[in-house]
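> Predicted model and sequence below, questions to follow.
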Amino acid sequence: MKIGSLCAGYGGLEEGLSPAFVKWLMGLPAGWVTDVPGLSRNEQLKALGNGVVPQQAAEALHILLPDVRAAA
């Protein structure tokens, strides 16, 4: 099985990295970046690359907040 076939519907590797696939991997809602009018593919990938994965941010807060509350 080609890896590109795993990305079916998300651009596949033959077409380069797909913003829709990156958005899906990050767990973002449909159209979060890909439905913004006027953004090129490169601009979408840049925005996604500079973004925060929500699940990762939630875990960081879960770990760090008890320490902040204890210090207060």
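Nice, thanks for sending it over.

> I'd like to check what contacts the lengthiest helix in the chain. Which residues are they?
Longest helix in the chain, counting residues (DSSP state H): helix 54-71. Residues from elsewhere that reach helix 54-71 (C-beta atoms under 8 Å, 6 or more residues apart in numbering): 26-28. Where C-beta positions appear, they are placed from N, C-alpha and C, glycine not excepted.

> repeat that for 7 Å
Gly27 (C-beta atoms under 7 Å, 6 or more residues apart in numbering).

> What ranges does the chain have for its helices?
Remark: helices assigned in the chain by DSSP H are 3-6, 19-26, 41-49, 54-71.

> For the first one, give the mean pLDDT please.
Mean per-residue pLDDT for helix 3-6: 50.

> Let's have the helices of the chain in JSON lines, adding distance to Trp32 and mean neighbour count.
As requested, those are exported to JSON lines (distance: least, C-beta to C-beta, whole Å; neighbours: other C-beta atoms under 10 Å):
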{"stretch": "helix 3-6", "distance to Trp32": "21", "mean neighbour count": "10"}
{"stretch": "helix 19-26", "distance to Trp32": "6", "mean neighbour count": "18"}
{"stretch": "helix 41-49", "distance to Trp32": "9", "mean neighbour count": "15"}
{"stretch": "helix 54-71", "distance to Trp32": "10", "mean neighbour count": "10"}
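
> Indicate which one of these is closest to Thr34.
Of all those, it is helix 19-26 that lies closest to Thr34, at 5.2 Å by C-beta to C-beta.
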